[in-house]
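Colleague: could you work out the structure for the sequence below:
(2 chains)
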Amino acid sequence: MVGVKSVPSPAISADERSHEVDHPSSQVAHFGTEQPLRLDCGVDLTPFQIAYQTYGELNADRSNAVLICHALTGDQHVANVHPVTGKPGWWETLVGPGRPIDPKHYFIICSNVIGGCMGSTGPASINSATGKVWGLDFPVITIPDMVRAQAMLIDRLGIDTLFAVVGGSMGGMQVLQWTSAYPARVFSALAIACATRHSAQNIAFHELGRQAVMADPDWHGGGYADQGIHPHRGLAVARMAAHITYLSDAALHRKFGRRMQDRELPTFSFDADFQVESYLRYQGSSFVERFDANSYLYLTRAMDYFDIAADHGGVLAKAFAGIQTRFCVVSFTSDWLFPTSESRALVHALNASSARVSFAEIETDRGHDAFLLDVPEFFDISRAFLQSAGKARGLKGS
Amino acid sequence: MPVQEVLPLDGAATKPPGDYRADHLLVAEMVKPGSKVLDVGCGEGDLLQLLETRGIDGRGIELSREGVNRCVAKGLAVVQGDADTDLVNYPDDAFDYVILSQTLQATRQPRVVLENLLRIGRRAIVSFPNFGFWKMRLQLLIGGHMPRTENLPATWYDTANIHFCTIKDFVELCDEINVKMERSVALDLYGRPVPLNLPWWVWNMFGEQAVFLLSRGGGR
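Modeller: Numbers count the residues shown, from 1 in each chain, chains lettered A, B, ... in the order given. I've put the predicted structure just below:
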C-alpha cells in the first residue's frame, strides 16, 4: 500500500486498562481520610491507594527489605508477567532467582508511584469525591510526593529501615530522594543512570511529549475518560520521541542502520520504509496499550520539578550531610539523557559529605536504556555492592 | 619473596590471606586499625582489600574506568576520579589517613596533590619509586638511556609517570611545604627495608622505593 499509515490503534480496550487502574492485580494498601498524603503542591490527597508487588520473605529482624523504584513508564510488576501486556517483568535481568537482587535473600518491594496508572492513585483513578475519573483535577505530584507515599507503604509493612533502595532513571531520582529525606531508613542506595535534577534538555523533551498528547483532539482537555476514548495517537508520538532519547546514535545504527522494512526499494510515500520507523511505531503503539495519557503528563512533570539541591539552599552536598547510607552510583557511557557528568556531580557532593560511595561508569553503546538490558558488568557491580552492604548489615546468605 | 618475615604485621587481627605487595604491607602496618582511609590511585583495590581485613573503613579514587569497575565489583567503595582535579571536592579532615601509593609521580601537580592529601587527611602515607636508586643512575650514566626497571617497565614515550623524583627531592619538598615526616622507610629491590641507621644518601642510592608517613607541620 502506498500512502500514509499512522500509528495503529491499540489491541486492548480502554475498559481493560482502566480496570487495572482501580482494581489492580497486585496487593493494594489503602490509606483512608485519617492518613492523607501531604503533597508538595499543598494539597492533601485522600483517600488514596498504593499498588505493590513483593517477592521473597521478610526476615525475622526485618532487615532484608529492598525497595525497587520504577522509572517513568514502569510499574510494580518488576519481576512477574505483566497483567496487561503478558510480557516478563521489566527488570527481570536484575531482579529474580539467581539475579543480583534475589528473592532468596531479600524481601523485594516494588510499588506503582503515586500519579501512575497501574493501581496507585493517579489521574486515571476514580475520584471518590465525584465518582468520576480524576483527569486534570488530580493535583500535580513531585518525586518527593512519590517517596512520601512509598514511606507510608513501608510503614504499613512494618519495616523501619530498608536494606537497599534501588532504581534507574526516574527510579534513581526516587532513590536519591529517599536518602535525602529519610537517610536513617536507607542502609544502602543503588542509583543508576539518574541525576539530582532534571536538565533543561530533558525538560524540553518532556514538554515535546506533553504537547504531542495535548495536541491530540481525543485528549479533550484531559477529559477523554468521560468520553470513553484515549488520545493514543498523541501518546504514541510522545513515546516515540522519548524512545529516541533512551537509545544512542550508535545503537540505532547497529540495530537498524538504513535498512528497509520488508521491501527492497523505497515506496515514495510516508509509509514506514525504514526499519527504524517501523520499530518506533511499534514502540509507540504498544506503549499506549498499557499507559494512561494524563498519567504520562503528571509523571513527566514530576521529573521536571526534581532538583534536590534547590531544596537545600542550592548546595547539593547539604542534601547528604552526615549521611551513613552506602551509595553505589552507576552511569553508562552512551547515555545522553542522564550523562555521566550528572552522576559525577552527585558523587562529588557525596564525597563532600564524606559518604561511603562507589561510582562506576559502564562502557556500552546502548544509551540510557542500558540499565534495563543485559549488561553483565552492571550486574556484577550491583551484586558485589549489595553483597558487601549485606555483610555490613549482617544479612545471611548475601 | 618472604615479605611477612621482614615486615611483621603488628596488631593485625588476622593474617591477611594471599600475596600482598611489600609496600602495601608496609602501608597497612602504618594505619591504625579502625581508622578511615582514602586511597588515591587505588588501582584494582589490592591495598583497600588488605586494609579491609584489618577493620579499616577504606575508600578509593582511581583514574582508569577498568580499575574502578573491578574495585566496585569487589564491593569496594571506589569512585572514578583524578588526583589532580577531584581532591578539592573533599572537605578538610575527612579522613584519618590519605594514601597515595605509587601515584605521586603520575600527577600533574605533585606539590598541590601533596598539600591536598594533608588537608583532607590528618595524616598522609605516600609511596613512590626512587629515581635515585643505583640501577636508575647506572642506566642513565652507563647506558645513556632513560631508566626502565621491572616495576617501571614503560618507555619514556608511553609512561604515565611524568614527575619522577628521588628520595632526596621528596624530603626537600616536604620541608618546603612544612610537612612533618613521622616515619620513612626505603625498600630495596627485594622489598626489604634499608636498615634505619644508615645515612640518607644510602637510602637514596639503595632504596628502590620509599614509603613516608606524613603529618601537618607546626607553625601554620
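Colleague: compute the first-to-last residue distance for stretch B:58-73.
Modeller: Stretch B:58-73 has an end-to-end distance of 15 Å (C-alpha to C-alpha, to the nearest Å).
Colleague: next one: that stretch to chain centre, how far?
Modeller: Offset of stretch B:58-73 from its chain centre (C-alpha atoms, centre = their mean, to the nearest Å): 17 Å.
Colleague: for that stretch, the averaged confidence score.
Modeller: When pLDDT is averaged along stretch B:58-73, the result is 92.
Colleague: same question for stretch B:160-174.
Modeller: On average, stretch B:160-174 scores 94.
Colleague: same thing with stretch A:303-320?
Modeller: Stretch A:303-320 comes out at a mean pLDDT of 94.
Colleague: what helix or strand does residue A:190 sit in?
Modeller: Element membership for residue A:190, per DSSP states H and E: strand A:186-192.
Colleague: which other residues reach stretch A:196-209?
Modeller: Residues outside stretch A:196-209 that contact it (C-beta atoms under 8 Å, 6 or more residues apart in numbering or on different chains): A:176, A:237-239, A:241-242, A:245, A:296, A:300-301, A:303-310, A:316, A:319, A:337-338, A:342, A:345-346, A:349. Heads up, the C-betas are built off the backbone N, CA and C, glycines and all.
Colleague: before we move on, back to that, parallel or antiparallel, list what pairs with the strand holding residue A:190.
Modeller: According to DSSP bridges, strand A:186-192 has the following sheet partners: strand A:162-168 (parallel), strand A:326-332 (parallel).
Colleague: just send the ones you listed back as a markdown table, with mean pLDDT too.
Modeller: A markdown table is the format used below for these (pLDDT from 0 to 100):
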| stretch | mean pLDDT |
| --- | --- |
| strand A:162-168 | 98 |
| strand A:326-332 | 97 |
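Colleague: ok, which stretches of chain A are strands?
Modeller: Taking DSSP state E to define them, one finds strands in chain A at A:27-31, A:37-38, A:44-45, A:48-55, A:65-69, A:107-111, A:126-127, A:132-133, A:162-168, A:186-192, A:326-332, A:356-362.
Colleague: give me the buried entries from the contacts of stretch A:196-209.
Modeller: A:176, A:237-239, A:241-242, A:245, A:296, A:300-301, A:303-309, A:316, A:319, A:337-338, A:342, A:345-346, A:349 (16 or more other C-beta atoms under 10 Å in any protein chain shown).
Colleague: which bits of chain B sit near chain A?
Modeller: B:57, B:59, B:65, B:68-69, B:71-81, B:86, B:89-91, B:94 (C-beta under 8 Å from any C-beta of the partner chain).
Colleague: filter the residues you listed down to the ones in strands?
Modeller: Per DSSP E, the residues of chain B next to chain A map to strands at B:57, B:59, B:77-80.
Colleague: need these in JSON lines with neighbour count, can you?
Modeller: Formatted as JSON lines, these follow (neighbours: other C-beta atoms under 10 Å in any protein chain shown):
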{"residue": "B:57", "neighbour count": "15"}
{"residue": "B:59", "neighbour count": "25"}
{"residue": "B:77", "neighbour count": "24"}
{"residue": "B:78", "neighbour count": "29"}
{"residue": "B:79", "neighbour count": "27"}
{"residue": "B:80", "neighbour count": "25"}
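Colleague: chain A: which of those is nearest?
Modeller: Nearest to chain A out of those is residue B:79 (C-beta to the nearest C-beta; 3.9 Å).
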